[in-house]
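Visitor: need a structure here:
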Amino acid sequence: MSTDVEMQRILSDLFHSQRFAVLATDDHGQPFTSLMAFVASPDLRQLVVLTDRTTCKFANLMANCRVALLIDNRENKVSDTKDSMAVTAIGKAQEVASGEDPSMLELFLACHPYLAEFAASPTCAVVRVKIDSYLLVSSFQKVLEWRTGG
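Guide: Presented below is the predicted three-dimensional model:
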């Protein structure tokens, strides 16, 4: 099995088991992080998050579209050092214009139906992150990279 195929399988399994990611944005040179509900597109080339347009993170996204998201499966146990995995997704964020691609919101709400009321708010933004690459760290030091070509 090729590394890319193996990596895609691992990522898909991880993303289906995890509901939240840590989004890192840039606030004028100062990193800023936020815990976010997320969902991955079936081809893993995009991640989708929702945010209120009045937040610091949204202002950061508009000023600098380059972001990173951390998704992991740690359980806050000592064994996490060798048993957990963490992936950093690196890409560019862009608000999906209202009516532009309703499948992004549908995909998100299929995974997070409890956020439907928030999603319907007039200040809620659907944000698509087009992924350039994933860096997967497992077994403490094993690192794999997948460049999506997107």
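
Visitor: what packs against the helix or strand where residue 48 lies?
Guide: Using DSSP states H and E, the secondary-structure element containing residue 48 is strand 46-52. If contacts are counted by 3 or more CB pairs under 8 Å, 6 or more residues apart in numbering; DSSP states H and E, strand 46-52 sits against strand 20-27, strand 30-37, strand 39-40, helix 56-63, helix 102-111, strand 124-138. C-betas here are computed from N, CA, C, even on glycine.

Visitor: mind checking the longest helix of the protein?
Guide: helix 3-17 (DSSP state H).

Visitor: just to revisit the earlier point, would you convert the helices and strands packed on strand 46-52 into CSV that also reports distance to residue 12?
Guide: CSV is the format used below for the helices and strands packed on strand 46-52 (distance: least, CB to CB, whole Å):
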stretch, distance to residue 12
strand 20-27, 15
strand 30-37, 18
strand 39-40, 8
helix 56-63, 25
helix 102-111, 13
strand 124-138, 11
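
Visitor: which one, of these, ends up nearest to residue 86?
Guide: strand 124-138 (5.2 Å; CB to CB).

Visitor: strand partners (parallel or antiparallel) of that closest one?
Guide: The pairing partners recorded for strand 124-138 under DSSP bridges are strand 46-52 (antiparallel), strand 85-95 (antiparallel), strand 142-147 (antiparallel).
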